[in-house]
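Kindly return the folded structure for what I paste below:
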Amino acid sequence: MCALIAVFKGQDVNYRILGQTHIKVSVLSFGAWQLGDSKYWGEDCATDADATVHAAIDNGINLFDTAEVYGDGESERVLGKILGSKRKDIILASKVLPDHCAPENLRKSCEASLQRLGTDYIDLYQIHWPYAADAYTNAKGETVPGVCAYEETQATLQELQDEGKIRAIGVSNFGRTDLESWCQTGECITNQIGYNMLFRAPEYDVIPTCRKQGIGVMAYMPLMQGLLSGDYFEIDDIPLMRRRTRHFASQREGTRHGEPGHEALLFETLAILRAFADAVDLPMATLALIYLIAQPGVSTVVLGARKVDQLRENLLSGDLTLGPAGMAQLNEITAPLKQAMGHNADLWQGDSTCRVK
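Residues are numbered from 1 along each chain as shown. Next up is the predicted model:
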């Protein structure tokens, strides 16, 4: 083990309070997108779904996150079926698409999610992306009608809350401006954002705003869709659907950010991180999770897992922490990529069409 790094068992790191609530959540939560979206994750995405979900519960994970859009509702259906009688013992979170946030559509979406999940209530109901109240011009130059004002959505969410169909309200992918607008008139206990060692843009504006507002951060994509697993050494090894972020050149199929990307810097960073992980004798994935858990403002890290062995290996990070020297080195290794990618906290869209504002 490198002399500069001290790896030791942490104190009280397994559970944290979610935002300004009394809800205690596991520092690692379960992201269920991978359970029901074979188009994105592959045909074997739900191979060990039952065993993996039950292993998560048995190992103390109590927060499970899904969304109506994941596999067109299949993630919710799979998760609800697997949970069965254990549903009462966990905190269930789901998300509604921004296009469904007008009052009449919001209620339909919520009730459809309840039915797919096989439950009477959703513990945390989140707005999946911010949306425009008025008509706007999209990246193609087309005029798109707005959804509705945040106040209208919040009024319907309050009704659903009063009826006991949802218990708490959160958002996802909201930047500083939208967070401040939302919080002026409505409840927001969490903001779920894409955040990892290869994408630190939320550290500039989003996370400081969450901390100021008392909003708990739920960090999704902690392993950058597998890039931080240490398994990919060349771009062609990475599945096509996972090569669409701003890390990759806009010439790559499926990208829509219109930027040159940072491919050389990305793989240079991964190589240094791999060497660092070897030096401290930890899997790179474990290192990536330890890093996120240690960040101020993070309430829980949303971990996607399809296999029991994969889940159990990643769970090790909940009981480990790096000393100050180790964290400083990780910050230094990933700083050039952070600076290159800038303040834009949208993984998929460029500055001109950024949705995380």
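
If the residue nearest to the spatial centre of the chain is in a bridge, with which residues?
The centre of the chain sits closest to Tyr220, judged by Cα atoms, centre = their mean, with a distance of 1.8 Å. Taking DSSP bridges as the rule, Tyr220 bridges to Gly194.

residues contacting it?
31, 65, 192-195, 302 (Cβ atoms under 8 Å, 6 or more residues apart in numbering). Bear in mind the C-beta positions are built from the backbone N, C-alpha and C, glycine included.

among those residues, which two are most distant?
The distance between the two most remote of the contacts of Tyr220 (Cβ to Cβ) is 14.2 Å, for Asp65 and Tyr195.

surely Asp346 meets Ser352?
No. The criterion here is Cβ atoms under 8 Å, and Asp346 misses it with Ser352 at 10.7 Å.

the more surrounded of these two?
Comparing Asp346 with Ser352 by other Cβ atoms under 10 Å, the one with more neighbours is Asp346, at 20 against 10.

Tell me the secondary structure of the closest residue to Glu203 other than its chain neighbours, please.
Leaving aside its sequence neighbours, Glu203 sits nearest to Lys338 (Cβ to Cβ, 6 or more residues apart in numbering; 7.3 Å). What DSSP: H, G, I helix; E, B strand; the rest coil gives for Lys338 is helix.

tally of neighbours for Lys338?
Each residue near Lys338 was counted by other Cβ under 10 Å, and the total is 18.

ok, it - contacts?
When contacts are counted by Cβ under 8 Å, 6+ apart, Lys338 is found next to 200-201, 203.

ranking the residues you listed by neighbours, who comes first?
Most crowded among those, counting by other Cβ under 10 Å, is Ala201 at 22 neighbours.

residues touching that residue, list them.
338, 341-345.

Just the buried ones from those residues, in PyMOL syntax?
Selection of buried members from the contacts of Ala201 for PyMOL, criterion 16 or more other Cβ atoms under 10 Å:
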select buried, resi 338+341+343+344+345
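
could the contacts of Ala201 go into a markdown table alongside secondary structure, pLDDT and distance to Leu270?
Conversion of the contacts of Ala201 to a markdown table gives the following (DSSP: H, G, I helix; E, B strand; the rest coil; pLDDT from 0 to 100; distance: Cβ to Cβ, whole Å):
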| residue | secondary structure | pLDDT | distance to Leu270 |
| --- | --- | --- | --- |
| Lys338 | helix | 98 | 14 |
| Met341 | helix | 97 | 14 |
| Gly342 | coil | 97 | 20 |
| His343 | coil | 97 | 23 |
| Asn344 | coil | 98 | 21 |
| Ala345 | coil | 98 | 21 |
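
Nearest to Ala277 among the contacts of Ala201?
Using Cβ to Cβ, the shortest approach to Ala277 within those belongs to Lys338, at 18.7 Å.

Fine by me, we can end here.
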